[in-house]
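Undergrad: Structure of the sequence below:
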Amino acid sequence: MKKNVLIALIVFIGFVVVYLFMPRTVALPKLALVKDPHLPAITGETFTFSTEKPKLVAFFFTECPNVCPMTVIDLLKVQQSLVDEGISEQQYDVVFITLDPEVDTVEKIQQYKEQFAITAENWFFLRGTVEQTEKVAKQFNMYFTKGPDGTIVHSTTMYVVDRDNQIRAHHPMSTGAQSMNVEQLTENLKSLLQ
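TA: Reported below is the predicted structural model:
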């Protein structure tokens, strides 16, 4: 009887040790390398992806009626979740790249930013030329097209990019039918900060 109790105790202690020392997150795969695009930020500075920080990257346009604004709101939730866990905005960047640089002027993007009361210094809104935008979108496999009436149709994916400019995760943006998984996005970013 004592022998069975001792074996059970050893097995239990083994499980506890494995649980305590087992990694909490699974390493994210390396999906694609982004070749450091340099795009102008609306501040006038050139943003380089080689910032030695992980990044949340989304494409948007200011006239987008639903997906883009819902994504901004979700990323504000991610930022608050990270703050609640003691992760400061200096540890990562949030990058928005306009898909419509012909319409989205610096002033228009600044108004868009102000509309959401974004004041954090780690949020970068980028506006390149049409050619730069197409080149960067291609690196991310972001599909978009602008119709003759000016309407833009785009894929609804955002990206988690590590310090080495490797895309490590794709996340669906919020659509009317589907919400962004804010918790999973937060966890994926946190895994790149460890």
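
Undergrad: Quickly list what the residue most central in space within the chain is bridged to.
TA: With distances taken as CA atoms, centre = their mean, the residue of the chain nearest its centroid is residue 56 (2.2 Å). Bridge pairing for residue 56 (DSSP bridges) gives the partners residue 94, residue 160.

Undergrad: per-residue pLDDT, it?
TA: The model reports residue 56 with a pLDDT of 89.

Undergrad: same question, residue 153
TA: The model's pLDDT for residue 153 equals 78.

Undergrad: List the contacts of it.
TA: By CB atoms under 8 Å, 6 or more residues apart in numbering, the residues touching residue 153 are 144-145, 147. Where you see a C-beta, it was placed from the backbone N, CA and C, and this is true even at glycine.

Undergrad: Assumed it was part of a strand.
TA: Yes - applying DSSP: H, G, I helix; E, B strand; the rest coil, one finds residue 153 inside a strand.

Undergrad: Can you report how many residues lie near the residue nearest to residue 126 when sequence neighbours are not counted?
TA: Spatial nearest neighbour of residue 126, chain neighbours left out: residue 39 (4.1 Å); criterion: CB to CB, 6 or more residues apart in numbering. Using other CB atoms under 10 Å, residue 39 is surrounded by 22 other residues.

Undergrad: from what I can see residue 39 touches residue 47, true?
TA: Yes - with contact defined as CB atoms under 8 Å, residue 39 reaches residue 47; the gap is 5.6 Å.

Undergrad: which neighbours do the two share?
TA: Listed contacts common to residue 39 and residue 47 are residue 126; contacts here mean CB under 8 Å, 6+ apart.

Undergrad: which residue ranges form the strands in the chain?
TA: 32-33, 38-40, 46-48, 55-60, 93-98, 123-126, 144-146, 152-154, 157-161, 166-172 (DSSP state E).

Undergrad: With distance to residue 71 added, can I get the ones you listed in TSV?
TA: Formatted as TSV, those follow (distance: least, CB to CB, whole Å):
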stretch	distance to residue 71
strand 32-33	20
strand 38-40	18
strand 46-48	19
strand 55-60	5
strand 93-98	9
strand 123-126	12
strand 144-146	14
strand 152-154	11
strand 157-161	6
strand 166-172	9
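
Undergrad: Check those strands for me: which has the lowest mean pLDDT.
TA: Ranked by mean pLDDT, these bottom out at strand 32-33, with a mean of 66.

Undergrad: So the residue nearest to the centre of the chain is in contact with residue 91, correct?
TA: No - Residue 56 lies out of contact with residue 91 (CB under 8 Å); the separation is 11.8 Å.

Undergrad: So which residues of this structure form helices?
TA: Assigned by DSSP state H, the helices in the chain fall at 2-21, 67-84, 106-115, 130-139, 182-193.

Undergrad: so which of the ones you listed gets nearest residue 60?
TA: helix 67-84 (4.0 Å; CB to CB).
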